[in-house]
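>>> Sequence first, predicted coordinates after that:
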Amino acid sequence: MKKSPAKKQALQRPKGTQDLYTPEISRWHHLEKTCQRIFTQYGYSEIRPPVFESTALFMRGVGETTDIVNKEMYTLASKTAEESDSNINTLTLRPEGTAGVVRAYIENGMSRWQKPVKLYYMGPMFRYERPQAGRQRQFHQIGIESFGIDSPAADAEVIFMAMQLFKHLGLRDLTLQINNIGTPACREQFKVTLKAKLANQLPQLCNDCKTRYETNPLRLLDCKMPSCQALLQTPEIQNFLAQDFTAEVEQKAFNQLLSLLDELEIAYYRNPTLVRGLDYYTRTVFEITSSSDALGAQNTICGGGRYNPLVETLGGPETPGIGWALGVERLLRLLPEIPLPPLDFYIATDCHARAFQLAERLYHQGFSAEVDLTEKPAGKQLEKASKRGAKQAILYFQDAVQARKIVCKTLSTGEQFSGSLDGFLEALQGTSVKSL
RNA sequence: GCGGGUGUAGCCAAGUGGUUAAGGCCCCGGGUUGUGGUCCCGGUAUUCGUGGGUUCGAGCCCCAUCACUCGCCCCA
């Protein structure tokens, strides 16, 4: 039984992962059930794509310049030299859900389904990052995708559904941030102009921002460094940011969305610096954040947006789409604990087969019951019943079994029912344990 | 990839250079040979994350390493 240091290490759970079990897992069940119910009501159906996909899918879908693809993917070692030569056959654990759903949409001919095609998914995602509060290497997302409709109504529905879901879950103090980032083409134009305007201040930017200036200038806008923020506060930059750089059609659609949100009385904060880190987003992007300090630094619990070019990028027919995903671990930090349901019956016995049959009849009536598996005297078995937290203890020992009798004791009060087995079961019919 | 904090049993934890490493919870066994929760007794760390060093002597000091954790970056 001695554990050598080497063995001890080999048995450790990988960094940034979690073992989920007893009381905690019931909150997961609650969240999953609530989502399933609401999504189904809204006409969404579940899809379960594989947990790994070809590496190329994520490179093309999420974008080769993104952090996720660049440094956070778990790419599986190739089994053969042949495979390792090309990324086409290489496999990667999914870092996000949308790419796989889009691939499945294309591959299964869902473009021929009646529009909109509304899908939801739930499951683990994998990113190689330094873990911290609200961020793990294996984490879980629940997400939805709506394909085929490009109208502001589709955007509004998706956002409305998210807000309704959070309302049902009892979440408070959430902020919806929203922005229109236009098409890739107008974003390109915007980047060029922004870079030109900041060119003179380049030496004053923080080191991160100097890199961002080259790789992803949009990210520069939400740098938290005070010095960088100060540079952005100049009237020239502010005026530039205030004007919408997107094409007129997009502005019009976005304004329609905003008025739909107004009608729905969904409060939003229009954040012109809101940028998302995945390449596939176009037009509408949004985030839902919580001000709760239970979350640590990662306060975004839900994020999403429109991704009109994505289906085509991945080889399907031109199909607009919009969706979001929520972070399960983050969201659950905001939810209260769910107490475990108490055990209705604990059966103390020395006739196990008969006790199992008795338990079966109790299950049939909707009760929970456990049978003591030891050969110990009644006193010890009752002790277990108490410690287990059972409401009722049944004594069902040999002589009682033979006489078709039963003793049932309410552990909180010590009151005891004693009589025939059939009479006992009949009395239970349609009653709750409390009324015993 | 970069920075801060922490490691003593399943959990909480005392211990800050000197004999066999407190205590509490949980768990297990017994007191009670067929009626519980309370109570009483007993048991569970050859060793302080791991390796090395200093010292007559190290859980305590030094070095390294690992793990966990918080933050940056980025994202859900």
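Yep, it's here. Residues are numbered from 1 along each chain as shown, chains lettered A, B, ... in the order given.

>>> Nearest residue to A:Lys210 in space, ignoring adjacent ones along the chain?
Leaving aside its chain neighbours, A:Lys210 sits nearest to A:Leu202 (6.9 Å; criterion: CB to CB, 6 or more residues apart in numbering). To be clear about C-beta, it is placed using only N, CA and C from the backbone, and glycine gets the same treatment.

>>> The one you found contacts A:Thr211, doesn't it?
No - the criterion here is CB atoms under 8 Å, and A:Leu202 misses it with A:Thr211 at 11.5 Å.

>>> Tell me who's in contact with A:Lys197.
A:Lys197 sits next to A:236-237, A:240 when contact means CB atoms under 8 Å, 6 or more residues apart in numbering.

>>> Just the buried residues from those, in PyMOL please.
The buried residues among these can be selected in PyMOL (16 or more other CB atoms under 10 Å) with this line:
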select buried, chain A and resi 237+240
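
>>> what would the contacts of A:Lys197 look like in JSON lines with pLDDT?
Listed next are these as JSON lines, based on pLDDT from 0 to 100:
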{"residue": "A:Glu236", "pLDDT": "78"}
{"residue": "A:Ile237", "pLDDT": "78"}
{"residue": "A:Phe240", "pLDDT": "77"}
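
>>> which among the contacts of A:Lys197 gets closest to A:Tyr74?
A:Ile237 (39.0 Å; CB to CB).

>>> Dump the contacts of A:Lys197 into CSV; add secondary structure and distance to RNA strand B as well.
Listed next are the contacts of A:Lys197 as CSV, based on DSSP: H, G, I helix; E, B strand; the rest coil; distance: CB to the nearest atom of the strand, whole Å:
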residue, secondary structure, distance to RNA strand B
A:Glu236, helix, 23
A:Ile237, helix, 18
A:Phe240, helix, 20
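
>>> all helices for the stretch 101-250 of chain A, in order.
A:152-168, A:184-198, A:207-215, A:226-232, A:235-242, A:248-263 (DSSP state H, counting those that start in this stretch).

>>> Would you tell me which one of those helices is buried the most?
Mean neighbour count (mean count of other CB atoms under 10 Å) peaks for helix A:152-168 among the helices of the stretch 101-250 of chain A, with a mean of 19.

>>> Export only the CA atoms of that one, formatted as PDB.
The C-alpha coordinates for helix A:152-168 follow below in PDB (Å, rounded to 0.1, in the frame of the first residue of the first chain):
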ATOM      1  CA  PRO A 152     -32.300  41.500 -36.800                       C
ATOM      2  CA  ALA A 153     -35.100  39.400 -35.400                       C
ATOM      3  CA  ALA A 154     -32.900  36.400 -35.400                       C
ATOM      4  CA  ASP A 155     -30.300  38.300 -33.400                       C
ATOM      5  CA  ALA A 156     -32.900  39.600 -31.000                       C
ATOM      6  CA  GLU A 157     -34.400  36.100 -30.400                       C
ATOM      7  CA  VAL A 158     -31.000  34.600 -29.600                       C
ATOM      8  CA  ILE A 159     -30.200  37.400 -27.100                       C
ATOM      9  CA  PHE A 160     -33.700  37.400 -25.700                       C
ATOM     10  CA  MET A 161     -33.400  33.600 -25.100                       C
ATOM     11  CA  ALA A 162     -30.100  34.000 -23.200                       C
ATOM     12  CA  MET A 163     -31.600  36.700 -21.000                       C
ATOM     13  CA  GLN A 164     -34.700  34.600 -20.300                       C
ATOM     14  CA  LEU A 165     -32.500  31.600 -19.400                       C
ATOM     15  CA  PHE A 166     -30.500  33.600 -16.900                       C
ATOM     16  CA  LYS A 167     -33.700  35.000 -15.500                       C
ATOM     17  CA  HIS A 168     -35.100  31.500 -15.000                       C
END
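
>>> Give the rounded mean pLDDT of the top helix by length along chain A.
Taking DSSP state H as the criterion, chain A has its longest helix at helix A:22-41. Averaging pLDDT along helix A:22-41 yields 95.

>>> repeat for stretch A:410-430
If you average the pLDDT over stretch A:410-430, you get 89.

>>> Can you give me the neighbour number for A:Pro203?
A:Pro203: 6 surrounding residues under other CB atoms under 10 Å.

>>> Around RNA strand B, pick out the residues from the stretch 101-250 of chain A.
Applying CB under 7 Å from any atom of the strand, we find that the stretch 101-250 of chain A lies next to RNA strand B at A:127, A:129-136, A:139, A:141, A:208, A:212, A:219, A:223-225.

>>> what do you get if the cut-off is 10 Å, keeping everything else the same?
A:125-143, A:206-209, A:211-212, A:215-216, A:218-220, A:222-225, A:228 (CB under 10 Å from any atom of the strand).

>>> separation between A:Ser386 and RNA strand B?
From A:Ser386 across to RNA strand B, the span is 4 Å (CB to the nearest atom of the strand, to the nearest Å).

>>> next one: A:Lys191
14 Å.

>>> Hmm, that residue is touching A:Leu221, no?
No - judged on CB under 8 Å, A:Lys191 makes no contact with A:Leu221 at a distance of 10.8 Å.

>>> which residue packs closest to the one residue in the stretch 201-350 of chain A that gets nearest to RNA strand B, ignoring adjacent ones?
Nearest residue of the stretch 201-350 of chain A to RNA strand B (CB to the nearest atom of the strand) works out as A:Gly277 at 0.7 Å. Leaving out its chain neighbours, the residue that sits closest to A:Gly277 by CB to CB, 6+ apart is A:Thr66, at 5.9 Å.
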